[in-house]
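Enquirer: what follows is a predicted protein model with its sequence.
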Amino acid sequence: MKLFYSPGACSVGIHVILEELGKPYELGLVALKDGAQHKPDYVAVNPKSKVPALLRDDGSLLTEFPVIAMWLGRANPEAGLVPKDLEGETRCAEMLDYVCGTVHPQGFTRQFRAANFTPREEDLPKVVEQGKTLAKKYFDVLQATWTDGTWVLPSGYSVADAALFFVEYWATRRSGMTLPPHLDAHLKAMLARPAVQRTLAQEGLAA
Ligand SMILES: N[C@@H](CCC(=O)N[C@@H](CS)C(=O)NCC(=O)O)C(=O)O
């Protein structure tokens, strides 16, 4: 398997899952800061020009964070990273979808790629502010609906934790935000995991 990633991008969550699984994989660097996602060699691999993308051993490519995360979890049941019961799996998918479909694009893409949201240069600071306001609102929803314990699911650590991790990491390391208590404790618990520490070190990111 080969993970196409960019340091500190949302692909860091899939990188964490691969480290948790402990099976061999390769990393393919797609440096977003250099626009590598639009260069022909990567577009030939992933026409969507996004990371993460996972090249599987059969040569097929998977894209979209929630799908890659669920596939890795389901393909490696012994790791216990996706609940086996219907309710647990559904709640796991619910968090993946919220993080990747709402918190990431509406909260953080607004902050990091404000120009995607307005053609008017004078509006860029407002878009960034709007992103921060939305991200705070989404984190407050997660705080208010937190079930029990350290991890996203009451049944224990899952791929949903790796998804929540990347937006918590962005919030605190890139956006200067303060997380509400459950999320702050969650981020600290994530940072204490050896798989997360290896991932951050491999991507050259601060713990
Ligand atoms: N829907 C995709 C979104 C992935 C995404 O937006 N990735 C960002 C990095 S965090 C990216 O590749 N951005 C490059 C660009 O937009 O040009 C998913 O969930 O995997």
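Expert: Received it, and whenever you're ready, just let me know what you need.
Enquirer: tell me which element Met177 falls in.
Expert: Element membership for Met177 (DSSP states H and E) is empty, with no helix or strand holding it.
Enquirer: can you check Leu62 too?
Expert: Using DSSP H and E, Leu62 falls within strand 61-63.
Enquirer: and that strand, what does it pack against?
Expert: strand 53-55 (3 or more C-beta pairs under 8 Å, 6 or more residues apart in numbering; DSSP states H and E). Placement of C-beta: from N, CA and C, glycine included.
Enquirer: report the distance from the strand it packs on to the chain centre.
Expert: Its chain's C-alpha centre and that of strand 53-55 lie 14 Å apart, by C-alpha atoms, centre = their mean, to the nearest Å.
Enquirer: and it, what does it pack against?
Expert: Contact partners of strand 53-55 among helices and strands, from 3+ C-beta pairs under 8 Å, 6+ apart: strand 2-5, strand 61-63, helix 65-75.
Enquirer: so which elements touch the first one?
Expert: Based on contacts counted as 3+ C-beta pairs under 8 Å, 6+ apart, the elements that strand 2-5 packs against are helix 11-21, strand 26-29, strand 53-55.
Enquirer: check the last one too.
Expert: Secondary-structure packing of helix 65-75 (3+ C-beta pairs under 8 Å, 6+ apart): helix 11-21, strand 53-55, helix 86-98, helix 159-173.
Enquirer: out of the ones you listed, nearest to the ligand?
Expert: With C-beta to the nearest ligand atom as the measure, helix 11-21 is the member of the helices and strands packed on helix 65-75 nearest the ligand (6.7 Å).
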